[in-house]
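# return a 3D structure for these sequence lines:
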Amino acid sequence: MTDSERIWEGDVNDAVREEWKAETAPFDRVKEVLLATTTYRYAKSIAERAQVSEPSARKHLNTLADAGLAETDDTGQGTKYKRSRETVAMSRIRELHSELTKQELVEGIRDLKGKIKTYQEEYDVTDPDDLALALDSDAGEGWTAISRWKALEENLKLAQAALSLYDFDPDSERGSEATRSNEQDSSQGAFAGETGNLSA
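Next up is the predicted model:
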């Protein structure tokens, strides 16, 4: 029997892990595991998944936390870590910006604002928190509306942020002037330019 005809009896998962370990730096592995971690985990758990020692994982996780990529929770028995909400939001904003044209984002924002306005008119309140205060505990449909309304508002914020990237040039003189102007006039919103004209 030739080598090519020989049946491999190893564990494919072990082989993939070893290849991943050989081709990536410990910091990159910890970061990759962290970005897939949606619930708080101790450094030991993340270290095992990242194929690094626990002290190494803790050091890299603290660096990632300082950079805003990780959220921490001090349990009294140690620190737990998970990916930060800001990281997830920025990832989604980049996806929207790369997948949708400027016009598609404008139309999407208009649609989202229209749906939010429908909830405002249907329940005669300005936001989902006001609706929560007005509802009885057994108002099942109303509580479902709150959840959907909050999701719409979150999607609207992400879409507005993605849209703002189309006109954002951090190296332009105009961008620097706009930044200084916004710092001086705090009454202007973050999306006062492009999205300010998108009222439903």
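
# break this structure down into its structural domains.
12-83, 89-187 (automatic domain parsing).

# in the top helix by length along the chain, what counts as buried?
Looking across the chain with DSSP state H, the single longest helix is helix 140-164. For helix 140-164, the neighbour count (16 or more other CB atoms under 10 Å) marks 145-146, 149, 152-153, 155-156, 158-164 as buried. (Each C-beta comes from the backbone N, C-alpha and C, glycine too.)

# and stretch 93-109, by the same measure?
Of all the residues in stretch 93-109, those buried under the rule 16+ other CB under 10 Å are Ile93, Leu96, His97, Leu100, Leu105, Val106, Gly108, Ile109.

# any idea how far apart the tips of it sit?
By CA to CA, to the nearest Å, the extent of stretch 93-109 from end to end equals 13 Å.

# I'd like the distance between the residue most central in space within the chain and Thr118.
Among the residues of the chain, the one closest to the centroid is Val88, at 1.6 Å (CA atoms, centre = their mean). To Thr118, Val88 is 27 Å away according to CB to CB, to the nearest Å.

# of the buried residues of helix 140-164, closest to Arg41?
For those, the minimum distance to Arg41 (CB to CB) is 25.9 Å, reached by Leu158.

# contacting residues for the closest one?
Residues near Leu158 by CB atoms under 8 Å, 6 or more residues apart in numbering: Ala89, Arg92, Ile93, Leu96.
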